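> Predicted model and sequence follow; I will ask about them next.
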Amino acid sequence: MKSIVTAVLFTLCHPAIAAKMDGNTFVYQKSYGEIRLSAVPGNDQQVRFSINTNVEAHVCEVEGVATAIADTTQHTTLQWRDNAQCLITLTWGQTRVNVKATEECNSYCGMNAGNSLSGVYK
């Protein structure tokens, strides 16, 4: 019962992500990478993302649809998990995205690009 109440409260209190995006694609960068975020048509609780990094000619690339797990006036937190236990958490604010990727996400990366997904993109 507690989880049902929590889910209902989250749904009622969570502003639509699509409204925040207003049909735009947002691009944030760091010295060796970029993340793109865009709305998922017809779903105001998810964001399509793609992250690309390049470290000494070794590439790391992952894309997917992340689901909102928390929202405040300062930021929205989203998560995505693949079938191999790679977990990416995106904390998206007005001017930046903080990406935290687990070590299992290194399977998306070239030899020297491991752990390059995580970081702050502005």
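Yep, it's here. Numbers count the residues shown, from 1 in each chain.
> Every contact and neighbour count from this point should use C-alpha atoms.
Fine.
> can you pull out the strands in the chain?
25-30, 33-40, 43-55, 58-71, 75-81, 87-93, 97-101, 119-121 (DSSP state E).
> Tyr108 is nearest to which of these?
Nearest to Tyr108, of all the strands of the chain, is strand 58-71, at 5.6 Å by Cα to Cα.
> got the angle between that closest one and strand 87-93?
Strand 58-71 and strand 87-93 meet at an angle of 70 degrees, taking axes from the mean of the first three to the mean of the last three Cα atoms, to 10 degrees as the criterion.
> Report the buried residues of strand 58-71.
Neighbour-count burial for strand 58-71, counted by 16 or more other Cα atoms under 10 Å, picks out 59-62, 65-68, 71.
> any chance of the residues you listed in CSV, with distance to Phe26 and pLDDT too?
Conversion of the buried residues of strand 58-71 to CSV gives the following (distance: Cα to Cα, whole Å; pLDDT from 0 to 100):
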residue, distance to Phe26, pLDDT
Val59, 21, 97
Cys60, 19, 97
Glu61, 17, 97
Val62, 16, 97
Val65, 14, 97
Ala66, 15, 98
Thr67, 16, 97
Ala68, 16, 96
Asp71, 18, 91
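> of all those, which comes closest to Asn43?
Thr67 (9.8 Å).
> Surely Glu34 and Tyr28 touch.
Yes - with contact defined as Cα atoms under 8 Å, Glu34 and Tyr28 form a contacting pair (5.7 Å).
> neighbour count winner among the two?
Glu34 (19 against 16; other Cα atoms under 10 Å).
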